[in-house]
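Undergrad: With the sequence up front, the predicted model follows.
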Amino acid sequence: MSYTVTRTRLAAIVAATGIAVLSGCSSSAPSDKAAAASCDPAKGKVTLQYWNTVPGMDKVVALWNKKNPDIQVETKNISNDQYGILGNALKAGKAPDLAQVGYDELPNLRTQNAFVDASACSAATAAKSKFVPWTWSQTSFGNTGVFALPQDTGPMALFVRSDLFKKYGIAVPTTWDAYATAAQQLHKANPKLTITFFDPNNAEWFNGLLWQNSARMYGYSGGKWQVTVQSEQSKQVADYWQKLISAKLVRTDLANGSTQMYAAYQKDQIASYVGAAWGYSMFRDNLPKQAGKWSVVPMPTWGANGSSGDWGGSTVAFMKGAKHLYESVKFNTWLNTDPEALAMENKLGGLYPAANAGLQLPALSKGVPYYNNEKVFDVFADSSRKIDTSFAWGPTQKTVNLALQDAMAKAAAGDGTLADALAKAQATALKSMKDQAIPAAAGK
């Protein structure tokens, strides 16, 4: 399967501007020199700690442990509160050797000196050629070091209950205008049925929708971050979903991945899901009786704009305080580049690999039985090629996401609108950067 996507402009913004600005202007900026570490091999058997949120990762780790008796790895699933657990461990000085960290969280954690630079290990720097270029640039912050290795990406698509669309004689929409029309038609045909749900507590998902519409949240010029969270493109997305919410054509009472969400799909109450490549295993594993009823199609587009978005994707970061860097690099490289490990991660955890070797996995070129034997990964590959490469994350993204979620939750409850939520996120971005002495201004 062919997968060719480069995001050099994104890399340039994130690396050359974000981290450079933080290093030069923020008292809380990390010191690369302080973060440097030794890459001397241990003299005896070692045990590494690896925290993650990926289903089935314990089986992948078990394979490594079987093959490497002198470098054992203990894995801990922290999916219940990923960044809360990790943040508390960092504050207590008890962080693991390795941890799963989303691309959007890397800049924020870097300002907290959360990582160790693994570039002292030749194997870490040599791994660069093994990954899709844009992913490597984010983990190395523009070749200032190696702070993590890419693991997966999240090109977006539309998951549809094709049987429900067929039952009510409604065409699967290819544009967002058609999607809104289909939402009306489905709900009219069956008042208990909605086309999808809007999770107000999921800023990462909403950011993916903004990304698709070329709603660039941040830029850099004139020696400052230019904050454009509240752009016209962002408002277009917010107004679109606000109309669906106000008309009660989408549900707002469900959290992504929750038991309640699966129950709604199980009861045929929702007809589609706007998701990412890593989500293909969600329905397969949680709704096995609906095999053959689901299809994956391209994400609806904004008119002639054929762009797509990215939701999520993660890295495996080298955490501050790691005592066995040499061994950590060895395991991390195997975990995210070895074909056998990548195949297991895709099959068990639904990861869409960031490694070049992973994109050539036989499983990604075959039909998926659950989805009518459709080649769903072809859809995700095409989505990846259509992602806006100029999109960048800000250095205080976590704070901004929390503010956005809080305001979106209020809007979903009838207190304000999603456009108001964008305004709150914009203000929060500017204030949070100011509080950290990061030069920023409202962009146009």
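TA: Alright, I've got the coordinates. Numbers count the residues shown, from 1 in each chain.

Undergrad: could you show me where the strands are in the stretch 1-150 of the chain, in order?
TA: Remark: strands assigned in the stretch 1-150 of the chain by DSSP state E, counting those that start in this stretch are 46-52, 71-77, 98-102, 148-150.

Undergrad: export these to JSON lines and tack on mean neighbour count?
TA: Where C-beta positions appear, they are placed from N, C-alpha and C, glycine not excepted. Compiled in JSON lines, the strands of the stretch 1-150 of the chain are given as follows (neighbours: other C-beta atoms under 10 Å):
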{"stretch": "strand 46-52", "mean neighbour count": "20"}
{"stretch": "strand 71-77", "mean neighbour count": "17"}
{"stretch": "strand 98-102", "mean neighbour count": "26"}
{"stretch": "strand 148-150", "mean neighbour count": "29"}
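
Undergrad: what are the ranges of the helices in the stretch 1-150 of the chain?
TA: 8-11, 20-25, 32-35, 57-67, 82-91, 106-110, 122-126, 133-140 (DSSP state H, counting those that start in this stretch).

Undergrad: Okay, now stretch 202-218: how far is its last residue from its first?
TA: 19 Å (C-alpha to C-alpha, to the nearest Å).

Undergrad: can you give me the mean pLDDT across it?
TA: For stretch 202-218, mean pLDDT rounds to 94.

Undergrad: Please list all residues in contact with Tyr240.
TA: By C-beta atoms under 8 Å, 6 or more residues apart in numbering, the residues touching Tyr240 are 176, 180.

Undergrad: If we go by neighbour counts, what in the one helix or strand it maps to is buried?
TA: Element membership of Tyr240 [criterion: DSSP states H and E] is helix 232-246. Judged by neighbour count (16 or more other C-beta atoms under 10 Å), helix 232-246 contains these buried residues: 233-235, 237-238, 240-242, 244-245.

Undergrad: do the same with stretch 310-317
TA: 310-317.

Undergrad: Stretch 347-355 too?
TA: In stretch 347-355, counting by 16+ other C-beta under 10 Å, buried: 348-355.

Undergrad: which of the residues you listed lies closest to Thr125?
TA: For the buried residues of stretch 347-355, the residue nearest Thr125 by C-beta to C-beta is Ala355; the value is 15.8 Å.

Undergrad: Residues in a beta bridge with the closest one, which ones?
TA: Phe131 (DSSP bridges).

Undergrad: if I look at it, how far off is Ala118?
TA: 17 Å (C-beta to C-beta, to the nearest Å).

Undergrad: one step back: mean confidence for the helix holding Tyr240?
TA: On average, helix 232-246 scores 97.

Undergrad: List the strands paired with the following helix or strand past that helix, with their directions.
TA: Remark: after helix 232-246, the chain's next helix or strand is strand 250-251, criterion DSSP H and E. Strand 250-251 has its sheet partners listed here by DSSP bridges as strand 196-197 (parallel).

Undergrad: partner residues bridging Thr47?
TA: Gln72.

Undergrad: Would you confirm that it contacts Thr75?
TA: No: using C-beta atoms under 8 Å as the test, Thr47 is too far from Thr75 to be in contact (11.3 Å).

Undergrad: ok so, going back, would you mind giving the helices of the stretch 1-150 of the chain as a markdown table with mean neighbour count, distance to Pro155 and mean pLDDT added?
TA: A markdown table is the format used below for the helices of the stretch 1-150 of the chain (neighbours: other C-beta atoms under 10 Å; distance: least, C-beta to C-beta, whole Å; pLDDT from 0 to 100):
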| stretch | mean neighbour count | distance to Pro155 | mean pLDDT |
| --- | --- | --- | --- |
| helix 8-11 | 18 | 14 | 32 |
| helix 20-25 | 17 | 28 | 33 |
| helix 32-35 | 13 | 31 | 40 |
| helix 57-67 | 17 | 21 | 98 |
| helix 82-91 | 16 | 21 | 92 |
| helix 106-110 | 24 | 19 | 86 |
| helix 122-126 | 15 | 26 | 95 |
| helix 133-140 | 24 | 12 | 78 |
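
Undergrad: List the buried residues for stretch 368-386?
TA: 368, 370-371, 374-377, 379-381, 383-384, 386.

Undergrad: so how far is it off the chain centroid?
TA: In terms of C-alpha atoms, centre = their mean, to the nearest Å, the centre of stretch 368-386 is found 18 Å from the chain centre.

Undergrad: shouldn't Val376 be in contact with Gly279?
TA: No: contact between Val376 and Gly279 fails when scored by C-beta under 8 Å: they sit 10.6 Å apart.

Undergrad: which residues do these two both contact?
TA: With C-beta under 8 Å, 6+ apart as the test, Val376 and Gly279 reach no residue in common.

Undergrad: What segments of the stretch 251-400 of the chain are helices?
TA: 259-266, 280-286, 325-337, 339-349, 376-385, 397-412.

Undergrad: quick one: which of these is nearest Pro173?
TA: helix 376-385 (14.9 Å).

Undergrad: If I take the closest one and helix 339-349, what angle do their directions form?
TA: 100 degrees (axes from the mean of the first three to the mean of the last three C-alpha atoms, to 10 degrees).

Undergrad: So which other helices or strands are in contact with helix 376-385?
TA: Here helix 376-385 touches strand 156-161, strand 294-297, going by 3 or more C-beta pairs under 8 Å, 6 or more residues apart in numbering; DSSP states H and E.
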